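Undergrad: What follows is a predicted protein model with its sequence.
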Amino acid sequence: MDKATSTPGAPERHVLLIGINAYQDKPLEGCVRDCWAMRAYLESLPVPLNLRMLTASRSSGTPRPIEDPRYWPTYDNVKAWLEDIASRAKPGTLVYIHYSGHGVRIRPSTAIFSLQDGDVALALLAGDDGDRVRYLRGLELAHQIKALVAKGSLVTLVLDCCFSGGFSRIDDTDSIRSLLYDADIDASYPFNPAAEIAADASHSASRDVSMLPNWVINPEGYTVLAACGPHQVAREIEFESGQRNGALYRATLTQWELNGMY
């Protein structure tokens, strides 16, 4: 789903909303709803924007998300749309990226970089039926965001998920937006970073195992809003309507309504 408008002389605004309910393992309820609510708010603003949305809603009787596959939040689609935004970006461009879905804490891999704490990843979809998971590692995501920053864009990344990796010891796990790391998924999609991506990893090599990677806690030239820290969990909360939404989504939207987005 792509909405584009323009006004001469106004700064370009690009929005990418990503929401995934339709996980085969541990499906969620509120991620797609987060995106639709944000879209409704953003489209009500009297400002030009280029809005893209990738969502995967659950369907009874089939593992396939109900949306058109062109707008599934797959690894390939997310990377392609980020590249498209980068190709259009210029100094002063405003970019807002929101992810509602599962996060994953990636185990360290000395074959890639010598970090004690490894990386984190977004659990995106893959496969012809959208019934598989593929990790978009933080280093890859940060590298694409840096391409936007290098063009003078002002980027905000919101992660309504968590990377604790320890949710199995917590009650009410169906509301927590985190998956345990799966080595088989990693093996299915080997990560072979370009030299510049691998170089980013070395900046974090001496940090404590309990911390999140540098691209989350100390981003260079862009803003990251994360739903929780490394020892916390991001939950879907049931609000007055009886429907679930992400807690960070609700806080973000409330702040926008009070103070405006831009």
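TA: Perfect, I can see it now.

Undergrad: From here on, just use CA atoms for contacts and neighbour counts.
TA: Fine.

Undergrad: isn't Tyr249 right next to Arg33, touching?
TA: No: contact criterion Cα atoms under 8 Å: Tyr249 and Arg33 do not qualify, at 9.9 Å.

Undergrad: Look at those two and report which has more neighbours.
TA: Tyr249 (25 against 21; other Cα atoms under 10 Å).

Undergrad: Which parts of the stretch 51-200 of the chain are strands?
TA: Along the stretch 51-200 of the chain, counting by DSSP state E, counting those that start in this stretch, strands occupy 94-100, 103-105, 120-126, 132-137, 154-160, 178-179.

Undergrad: Just tell me which of these ends up closest to Leu225.
TA: strand 154-160 (4.7 Å; Cα to Cα).

Undergrad: now for the closest one, which elements pack on it?
TA: Here strand 154-160 touches strand 94-100, helix 138-150, strand 223-226, helix 247-259, going by 3 or more Cα pairs under 8 Å, 6 or more residues apart in numbering; DSSP states H and E.

Undergrad: okay, which residue is most central for this protein?
TA: With distances taken as Cα atoms, centre = their mean, the residue of the chain nearest its centroid is Tyr99 (3.2 Å).

Undergrad: For it, list the residues it contacts.
TA: Residues in contact with Tyr99, defined by Cα atoms under 8 Å, 6 or more residues apart in numbering, are 17-19, 158-161.

Undergrad: ok, 10 Å please
TA: Residues touching Tyr99, when contacts are defined by Cα atoms under 10 Å, 6 or more residues apart in numbering, comprise 16-20, 31-32, 34-35, 54, 73, 122, 157-161, 226, 249.

Undergrad: likewise Ala147?
TA: 82-83, 85-87, 89, 153.

Undergrad: And Asp25, by the same measure?
TA: Contacts here follow Cα under 10 Å, 6+ apart; on that basis Asp25 touches 131-133, 179.

Undergrad: returning to what we had before: if we take the contacts of Ala147, which one ends up nearest to Pro27?
TA: Scanning the contacts of Ala147 for proximity to Pro27, where the rule is Cα to Cα, the winner is Leu82, at 25.0 Å.
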